[in-house]
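Asks: Predicted model follows, preceded by the sequence.
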Amino acid sequence: MFDQIPTALSGVFMLLPVVRKDERGSFTKLYHADCFARMGMNRPIVEQYVTTSHKGVLRGLHFQKPPHDHDKLVTCLSGEVLDVVLDLRRQSPTYGHHCCLRLSGEQRMQVFVPSGCAHGFYTLSDQAELLYAVSSLYNPEYDDGILWHSAGIDWPDQFPLVSQRDQEFQAFADFDSEF
Ligand SMILES: Cc1cn([C@H]2C[C@H](O)[C@@H](COP(=O)(O)OP(=O)(O)O[C@H]3O[C@@H](C)C(=O)[C@@H](O)[C@H]3O)O2)c(=O)[nH]c1=O
């Protein structure tokens, strides 16, 4: 039901759901507990939310700290983004590394971001809509981030539109990982 494509980071996957098209439009299943558990993604989803972003908007790099850390399934519903995952897991062979994935809404492309990784993206199309499904509730005191341009990521834009909060995050070099 889902094609699982490994990335350069362990436990981080791109997923290609099956988009069934007919004369009415399309049908796509975005989550199936048993399929996801078989692929190693088995923490239940407890919250979902959506963002819309204009071209040139960059969000991230976000994560929730323990004990409110979570796995996150990101789905591109429309438009196109350059999605980035940064590995913050100290024991990981790819600690400090990142992967960049181009996600298209046409194909409902997904990325599974496990706990211990930060997530962000840059909007390539005029508009893009992302859906997020997370395995722990939002907790503003534990919601944290890494400064977008501090982790060696080759973003396609040096002057993206970034929120004030995202501009004030710590640099990766100053980050003391609890993961
Ligand atoms: C993430 C979040 C935010 N909020 C509120 C806080 C704030 O008033 C408003 C916007 O929050 P932010 O500026 O943090 O939203 P945003 O920058 O869009 O945050 C998102 O960025 C991408 C990269 C992700 O990976 C997402 O998980 C999420 O962290 O929504 C919630 O109520 N619940 C939530 O789960």
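Replies: Okay, I see it.
Asks: do stretch 155-170 and the ligand meet?
Replies: Yes. Counting by C-beta under 6 Å from any ligand atom, the ligand has neighbours in stretch 155-170: Ser163, Arg165. All C-beta atoms are positioned from the backbone trio N, CA, C, and that covers glycine.
Asks: same question for that stretch, mean pLDDT?
Replies: Stretch 155-170 carries an average pLDDT of 98.
Asks: so how far is it from its chain's centroid?
Replies: Relative to its parent chain, stretch 155-170 has a centroid offset of 16 Å by C-alpha atoms, centre = their mean, to the nearest Å.
Asks: mind listing what's buried in that stretch?
Replies: Trp155, Pro160, Val162, Asp166, Phe169 (16 or more other C-beta atoms under 10 Å).
Asks: check contacts around the residue nearest the centre of the chain.
Replies: Residue closest to the mean C-alpha point of the chain, counted by C-alpha atoms, centre = their mean, is His119 at 4.4 Å. By C-beta atoms under 8 Å, 6 or more residues apart in numbering, the contact set of His119 is Gly60, Leu61, His62, Phe63, Lys72, Val74, Asp83, Val84, Val85, Leu86, Val111, Val113.
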